[in-house]
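J.: model this:
(2 chains)
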2 protein chains.
Amino acid sequence: MSYRVLSTEIAEHTGESIRLAGWVHRRRVLARVTFLIVRDRAGLAQVVVPAGVPVPPEESVVEVTGTVVANAAAPGGHEVAYGALEVLSEAEPPPVELFRPELEAGLPALLDHAAVTLRHPARRAVFAAGAAAVGAFRATLDGLGFTEIFTPKIVGTATESGANVFALDYFGRPAYLAQSPQFYKQAMVGVFERVYEVAPVFRAEPHDTSRHLAQYLSLDAELGFVRDHRDVMAVLTRVVRAMTEAAGLSEVQMPQEIPVVHFAEALRLAGADPDEPDLAPEHERALGAWALREHGSDFVYVEGYPMAKRPFYTHPQPSEPRWSNSFDLLFRGLELVTGGQRRHRYSDYVAVLGEQAAGLEGYLEAFRHGMPPHGGFAIGLERFLARLCGAANVRETTLFPRDLHRLTP
Amino acid sequence: MSYRVLSTEIAEHTGESIRLAGWVHRRRVLARVTFLIVRDRAGLAQVVVPAGVPVPPEESVVEVTGTVVANAAAPGGHEVAYGALEVLSEAEPPPVELFRPELEAGLPALLDHAAVTLRHPARRAVFAAGAAAVGAFRATLDGLGFTEIFTPKIVGTATESGANVFALDYFGRPAYLAQSPQFYKQAMVGVFERVYEVAPVFRAEPHDTSRHLAQYLSLDAELGFVRDHRDVMAVLTRVVRAMTEAAGLSEVQMPQEIPVVHFAEALRLAGADPDEPDLAPEHERALGAWALREHGSDFVYVEGYPMAKRPFYTHPQPSEPRWSNSFDLLFRGLELVTGGQRRHRYSDYVAVLGEQAAGLEGYLEAFRHGMPPHGGFAIGLERFLARLCGAANVRETTLFPRDLHRLTP
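T.: Reported below is the predicted structural model:
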């Protein structure tokens, strides 16, 4: 049997007999000849089949042997002259035509038939880019001495807040799906100093919006021995730069230094009331526009969010404790990453948690027994990809999304 | 402020003023001097502190500046002569003494106080090895053209079987935690041909054994265009070799070719009744001993398990369909990996599922529209680490284990 060659490699085998394996991306039956486009994991290749040879319908799985021929008119400049064709699996016609340059399907059809629509080269490219971005996240942090960790997704206490949490029957006891690995990654700073985790997190988000999912992939990092949140931002900038380059989905404006504005200044730049406790979506959009206009940057950091709007583990800004040492990173006018310095003294946690401290003893043990100043961040992969490729809805950048209405496929 | 140097790097800075940052691993107060051992993410370093200078208790977080001095009597041949010491966070005495070469704690104490006991160098080494092994899993598959995927952990239908599944309240509807990414990784073969996922899976395991967890990390791979399960085993062998080498936890006997025995032959070698439908733990142990004795191998493949004992998606052995094209990989006499060739024809699924097919329509859509012959495997990380480091219980190789009784920390 001939050697299997990927569609993108045929030019290297001109004149040789090779074997292609893949899906019938398209068959065009003409009077004298059938053009068969084979799709494999690398791309597409054209096979010229004599009239009369049966070619199975689109999406059937085939193996084709033939000879590679240079042909300036063929896509890629080379094609395969038919020798033999074996059908490994014959397909029913797909619910959406996958050979068209653009998928002609609305979002519900796209998602209902994800197992098939994801085969479209444009859809596949999004998720290949996502895999590359996650690889870059890890490689950047590995290079900085981080260690990968794997933490529980079933927890006894809601981590971020009591709302938006999925409840579970855990051997007859109540339990919850983890909304973040926050407590665990902090505890693990006590072990490895610098840790990251790539794992699903769960939010019982009751609102049906274009940017929330019931499950998303959280790229979490946490590092010890920081001076403040600025050290965390320095790591994040390297991570995001590497992820953006690895994904390669669009031209991104990212200067050497990402602009940083304090929350109070951000309100002013966005034309918001100076007493606003948080940035509304229109403020984020205004800041995104400002960063692009003034700094040629698709990214902008906002630091110093009011303590009142940040979770209890957030470290205050020492010079003025109503502000926090936390930040958001906005990407094209939308919050992409949240992070900051965390409290590290046991007594601070006891003071801020009050009576709640008793329920969080396991979490607090790390702080009782010595924790360095530390901080971290979390990136939502689907939202990052959506911004990168201009998708209006995070469901377009999730393989099999979960939301208020969607539990299948 | 002096430059921070890691404990393992001080020898490169002899005569220089440097800064160490880390935890007080041990303080030994003598009449004229205090020996302070600082532990950081890289290892340990000794600081010689003059008598009278207060050194905080074990596990406190400190920054020490001083001069690196060669001293043949010091651990590593170098030590730091005290210049100044800053306490970043003072600790209460830990529940278990972490400076002893062996942790003197039973399993419950080890796990109840995981946030602290994981800091022990011997504990930390296990999880650093785990991270390295997972990195090797990914790197090996990346090198073979695989693409990383991220799939839903909340599902509408139990994947592997109706038992042992955690039920969830999903916005008022019943849902389940995924017991494996099986259906999704198969569907994604239709998109990328070769895929892997590293993610938690969930089993409501009602038995309190030393080798079962309610959540474990599943290293899943699936690949298309295989001839049969032997192609899957070839990939798995490369993966396991790389993982074993990267972990470096123990001397592993792994010949170039891992021995393979058919299930029927495995029963004979293990001295079991030829009508046994599965291998009992004592049979697995006997086979492990046989493989080491006859082939100098800690690993042995058993292939051809009876179809009756394998899940419905398993591909039968074409020559004799009561056997399957599936396999287990035993490591030191315990099942470590399960895998095999899967069915790939839609009609085969419809035939085998019967009335159940209606409930699995989303899953079956991939097969309806063309799937190549394919197969895959799943490795449990905690079990792999336990076998590697000789731990009797998988809870010892899980950061924060979840089981019938344990939901915290």
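J.: SS state for the closest residue to residue A:74 other than its chain neighbours?
T.: Counting by Cβ to Cβ, 6 or more residues apart in numbering or on different chains, the nearest residue to residue A:74 once its immediate chain neighbours are dropped is residue A:46, at 5.0 Å. For every residue, glycine as well, the C-beta is placed using N, CA and C. Secondary structure, DSSP: H, G, I helix; E, B strand; the rest coil: residue A:46 is strand.
J.: how many neighbours does residue A:46 have?
T.: 21 (other Cβ atoms under 10 Å in any protein chain shown).
J.: that one and residue A:73 touch, don't they?
T.: No - if you go by Cβ atoms under 8 Å, residue A:46 and residue A:73 don't touch, sitting 9.5 Å apart.
J.: in the stretch 251-400 of chain A, what residue is nearest chain B?
T.: residue A:362 (3.0 Å; Cβ to the nearest Cβ).
J.: go ahead and confirm that residue touches residue B:116.
T.: No - if you go by Cβ under 8 Å, residue A:362 and residue B:116 don't touch, sitting 10.6 Å apart.
J.: between the two, which has more neighbouring residues?
T.: residue B:116 (24 against 20).
J.: so which elements touch the one helix or strand that one maps to?
T.: Under the criterion of DSSP states H and E, residue B:116 resides in helix B:114-117. Packing partners of helix B:114-117 (3 or more Cβ pairs under 8 Å, 6 or more residues apart in numbering or on different chains; DSSP states H and E): helix A:182-192, helix A:361-368, helix B:107-112.
J.: do whatever helix or strand comes next after the first one and chain B meet?
T.: Scanning forward in sequence from helix A:182-192 by DSSP H and E, the next helix or strand is strand A:194-202. Yes - with Cβ under 8 Å from any Cβ of the partner chain as the criterion, chain B is reached by strand A:194-202 at A:194, A:198, A:199, A:200, A:202.
J.: using the three-state scheme, assign the residue nearest to residue A:244 when sequence neighbours are not counted.
T.: Nearest non-adjacent residue to residue A:244, counting by Cβ to Cβ, 6+ apart: residue A:252, 4.9 Å away. Here residue A:252 is coil, with the state taken from three-state DSSP.
J.: need the contact list for residue A:359.
T.: residue A:157 (Cβ atoms under 8 Å, 6 or more residues apart in numbering or on different chains).
J.: that one belongs to a strand?
T.: No - using three-state DSSP, the secondary structure at residue A:359 is helix, not a strand.
J.: how much space between it and residue B:242?
T.: 43 Å (Cβ to Cβ, to the nearest Å).
J.: re earlier: make JSON lines out of the residues of strand A:194-202 next to chain B and add pLDDT and neighbour count.
T.: Below are those laid out as JSON lines (pLDDT from 0 to 100; neighbours: other Cβ atoms under 10 Å in any protein chain shown):
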{"residue": "A:194", "pLDDT": "98", "neighbour count": "20"}
{"residue": "A:198", "pLDDT": "98", "neighbour count": "24"}
{"residue": "A:199", "pLDDT": "98", "neighbour count": "22"}
{"residue": "A:200", "pLDDT": "98", "neighbour count": "22"}
{"residue": "A:202", "pLDDT": "97", "neighbour count": "26"}
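J.: farthest-apart pair in those, please.
T.: Farthest-apart pair in the residues of strand A:194-202 next to chain B is A:194 and A:202; separation 25.3 Å (Cβ to Cβ).
J.: residues from the stretch 1-150 of chain A in reach of chain B?
T.: A:4, A:21, A:23-24, A:40-41, A:59-61, A:88-92, A:94-95, A:113-116, A:118-119, A:124, A:127-128, A:130-131, A:134-135, A:138, A:142, A:145, A:147-150.
J.: taking those one by one, which sit in helices?
T.: Mapping the residues of the stretch 1-150 of chain A next to chain B onto helices (DSSP state H) picks out A:114, A:115, A:116, A:124, A:127, A:128, A:130, A:131, A:134, A:135, A:138, A:142.
J.: which among the residues of the stretch 1-150 of chain A next to chain B end up buried?
T.: Listed as buried from the residues of the stretch 1-150 of chain A next to chain B are A:21, A:23-24, A:40-41, A:59-61, A:88-91, A:94-95, A:113-116, A:118-119, A:124, A:127-128, A:130-131, A:134-135, A:138, A:147-150; burial here means 16 or more other Cβ atoms under 10 Å in any protein chain shown.
J.: what about the closest residue in space to residue A:262 that isn't next to it in sequence, how many neighbours?
T.: Spatial nearest neighbour of residue A:262, excluding adjacent residues (Cβ to Cβ, 6+ apart): residue A:304 at 4.5 Å. Neighbours of residue A:304 under the rule other Cβ under 10 Å: 24.
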